[in-house]
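Chemist: Sequence plus the predicted model coming up.
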Amino acid sequence: MPRLTKPSGGRSFSRTCILRGHNASERWAILKEGAKHVRVARIAPDGLTSDESLKVPADDVLDIQPAVGSPSGPQGSFEAVVGERGAITIPSEMRRRHRLQAGSHSLLEERGDEIVIIPAEVVRRSSKPGENLAGLLAQVTPENLHGEVSTGAAVGEETW
């Protein structure tokens, strides 16, 4: 099922709904469902949710639908000007469509005489204790240390 995400990555939803007592043409994103209450946020015209969310009684959630894929709009070439320090302003419509905001990561690729900008998602490494090399080596004890393991005869230039 498609999943929509705010540029900040903070709000994602895979289903939408209409709320009892609200305008029937107004769609809301279902952010979190509970037994008695549902957390919802208004979906803006660009297909993204606002930062404000509401906690509503589960009985007020009507007409649940799957979310539609990413917001669409006119696509194609846009004129951009390179600034003195090399900055290029991406048109707001294109930034919304690709969920880019200040601080968003992207990849730049050279393809012949073209430069292609690709939105990228950065996955942070966990910093739990023991997940770096020093932490892993600290867990080595005489009890869990094993001897040499034979891998067979050399087949290349492994030994000099």
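Modeler: Happy to help now that I have it.

Chemist: Could you use CA atoms for every contact and neighbour count after this?
Modeler: OK.

Chemist: residues contacting the residue nearest to His105 when sequence neighbours are not counted?
Modeler: Nearest residue to His105 in three dimensions, chain neighbours excluded: Ala120, at 5.4 Å (CA to CA, 6 or more residues apart in numbering). Residues near Ala120 by CA atoms under 8 Å, 6 or more residues apart in numbering: Ser104, His105, Ser106, Leu107.

Chemist: any idea of the pLDDT on Pro45?
Modeler: Pro45 carries a pLDDT value of 69.

Chemist: Numbering from 400 from now on, please.
Modeler: Happy to do that; since the first residue is 400 now, the last one works out to Pro444.

Chemist: lowest-confidence helix or strand of the chain?
Modeler: Between all helices and strands in the chain, the lowest mean by mean pLDDT, DSSP states H and E belongs to strand 403-404, at a mean of 51.

Chemist: For stretch 427-445, what is the distance to the chain centroid?
Modeler: Its chain's C-alpha centre and that of stretch 427-445 lie 18 Å apart, by CA atoms, centre = their mean, to the nearest Å.

Chemist: Okay, buried residues for that stretch please.
Modeler: Residues of stretch 427-445 classed as buried by neighbour count (16 or more other CA atoms under 10 Å): Trp427, Ala428, Ile429, Leu430, His436, Val437, Arg438, Val439, Ala440, Arg441, Ile442.

Chemist: What are the boundaries of the helices in the chain?
Modeler: 491-496, 532-537 (DSSP state H).

Chemist: mind checking which of these is nearest Cys416?
Modeler: Judged by CA to CA, the one of those that comes nearest to Cys416 is helix 491-496, at 21.7 Å.

Chemist: List the buried residues for the closest one?
Modeler: Within helix 491-496, judged by 16+ other CA under 10 Å, the buried ones are Met493, Arg495, Arg496.

Chemist: Serialize the residues you listed to TSV and add fields for distance to Phe412.
Modeler: Putting the buried residues of helix 491-496 into TSV (distance: CA to CA, whole Å) gives the following:
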residue	distance to Phe412
Met493	21
Arg495	16
Arg496	16
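
Chemist: which one among those residues gets closest to Thr448?
Modeler: Distance ranking of those against Thr448, using CA to CA, places Arg495 first at 11.8 Å.

Chemist: Send me the strand of greatest length in the chain as PDB with only the CA atoms.
Modeler: Longest strand in the chain by number of residues (criterion: DSSP state E): strand 448-456. Only the C-alpha atoms of strand 448-456 are listed here, as PDB (Å, rounded to 0.1, in the frame of the first residue of the first chain):
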ATOM      1  CA  THR A 448      -0.300  16.500   6.500                       C
ATOM      2  CA  SER A 449      -0.100  19.500   8.800                       C
ATOM      3  CA  ASP A 450       1.900  19.400  12.000                       C
ATOM      4  CA  GLU A 451      -1.300  19.700  14.100                       C
ATOM      5  CA  SER A 452      -3.200  16.400  14.700                       C
ATOM      6  CA  LEU A 453      -6.400  15.600  16.500                       C
ATOM      7  CA  LYS A 454      -7.400  12.800  18.800                       C
ATOM      8  CA  VAL A 455     -10.900  11.800  17.900                       C
ATOM      9  CA  PRO A 456     -13.300   9.100  19.000                       C
END
